[in-house]
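1. Fold the following.
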Amino acid sequence: GMFDIRNLGQIPGVIEGSPVMRRVPSRPGVNGFTVKGQVLKAKNGRPVPYASKLKGVVPDADDPDLLRAAITGRPVRVARGVHVEPAIDFPSVDMSTGHVDFDGSVTVLGDVQPLMKIRASGDVVVHGTVTAAEIHAGGQVVLLGGLKGAPKDEDEDDEDRSTSDEKPHHTGRVQCGGRFHAVFVEHAEVEAGDDVVVDDHVTFSDIKSGRH
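-> Residues are numbered from 1 along each chain as shown. Next up, the predicted model:
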């Protein structure tokens, strides 16, 4: 079969209400003995409270030692607790990161390299350029550097149609449930549930908008 070396798996996440951390209460120590039978006095365990101002979590209503996620997102371990972050940042999306699959919002500070894919249940913001890649978002998509694809090879299209009736005709594709905003779109497909706004130009592309 086929194996996609860019697919490194979904980014671990939790949904609202999920248990994310349990604190084990301190207990009294148990005395020990030396090889000569002398008593070794034990130290009692010290209670360690959760840190204040933990983000995205709340104590369980019936168990103060249990933290639950207050939002859907990514759990991040911190000193004396855990945060749940609704968004995740990447310097870029390429072979080092693999495809991005995250239940939340995604921000890419650089570019999205060819053949990479981003799936997010929330918004996707890319500060660089998306080149011959795919983005699927439940919210809005904002591309500060634009979307650039290329026409798919005719032979490749024919082969793809034998396995799927929904293959894109271009290598660059964005599908989002909300608004789409980019500087430019070239040789790409865009399907948005809300407005489509392009600052500069659209060339050789297919655009579908749920509104304007």
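
2. how long is stretch 74-89 end to end?
-> End-to-end distance of stretch 74-89 (Cα to Cα, to the nearest Å): 11 Å.

3. got a list of contacts for it?
-> 11-14, 20-21, 48-51, 54-57, 67, 69-73, 100, 102, 104-109, 122 (Cβ atoms under 8 Å, 6 or more residues apart in numbering). For the C-beta atoms, the positions are set from N, CA and C on the backbone; glycine is no exception.

4. So which bits of stretch 140-156 are buried?
-> By 16 or more other Cβ atoms under 10 Å, the buried positions in stretch 140-156 come out as Q140, V141, V142, L143, G145, G146, L147, K148, G149, K152.

5. Quick check: Q175 touching E191?
-> Yes - applying Cβ atoms under 8 Å as the test, Q175 and E191 come out as touching, 4.7 Å apart.

6. residues contacting V198?
-> Neighbours of V198 in contact, by Cβ under 8 Å, 6+ apart: H181, A182, V183, F184, V185.

7. Helices of the chain, start to end?
-> With helices called from DSSP state H, the chain shows them at 154-161.

8. what ranges of it fall below the confidence cut-off?
-> Applying pLDDT under 70 to the chain flags residues 153-169.

9. redo that, cut-off 90
-> By pLDDT under 90, the low-scoring segments of the chain are 1-15, 47, 72-74, 87, 103-104, 150-171.

10. what's the closest non-adjacent residue to the most centrally placed residue in it?
-> Nearest residue to the geometric centre of the chain (Cα atoms, centre = their mean): F102, 2.9 Å. Computed as Cβ to Cβ, 6 or more residues apart in numbering, the closest residue to F102 that is not its neighbour in sequence is I11, at 4.6 Å.

11. thought the one you found was touching H99?
-> No - with contacts counted by Cβ under 8 Å, I11 stays clear of H99, the gap being 10.0 Å.
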